[in-house]
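Participant: starting from these lines, generate the structure:
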Amino acid sequence: MERRAVSSLLEAYETKWVLRNRAKLKGQDWEDVALTRVFTR
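Facilitator: As a prediction, the model looks like this:
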């Protein structure tokens with residue numbers, strides 16, 4: 001279960017990071033990553 005949680009967080013982070021052209025994520029980006037994790041449970 002925990003591996004799946006970490007994996008989904010990393011996947012959400014990577015997706016957002018690529019969308020920002022590999023730039024640092026900003027506050028709203030991190031909120032989006034967190035919400036992605038909540039909805040993929």
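Participant: which parts of the lowest-mean-pLDDT helix or strand in the chain are buried?
Facilitator: When the helices and strands of the chain are scored by mean pLDDT, DSSP states H and E, helix 27-39 comes last with a mean of 86. Using 16 or more other Cβ atoms under 10 Å as the test for burial, helix 27-39 gives Asp29, Asp32, Val33, Thr36, Arg37. The way it works is simple: take the backbone N, C-alpha and C, and place the C-beta from them, glycine included.
Participant: of these, which is the nearest to Glu14?
Facilitator: Nearest to Glu14 among the buried residues of helix 27-39 is Val33, at 9.6 Å by Cβ to Cβ.
Participant: if we can go back for a sec, what sits up against the least confident helix or strand of the chain?
Facilitator: If you take Cβ atoms under 8 Å, 6 or more residues apart in numbering as the criterion, helix 27-39 is touched by Ala5, Ser8, Leu9, Ala12, Tyr13, Thr15, Lys16, Arg20, Leu25.
Participant: looking at neighbours, which among these is most surrounded?
Facilitator: Ala12 (20 neighbours; other Cβ atoms under 10 Å).
Participant: confidence score at Asn41?
Facilitator: That one is not Asn; residue 41 is Arg. Note on Arg41: pLDDT of 55.
Participant: now the least confident helix or strand of the chain, how far from the centre of its chain.
Facilitator: How far helix 27-39 lies from its chain's middle: 6 Å, per Cα atoms, centre = their mean, to the nearest Å.
Participant: kindly report the same for stretch 8-18.
Facilitator: Worked out by Cα atoms, centre = their mean, stretch 8-18 lies 4 Å from the chain centre.
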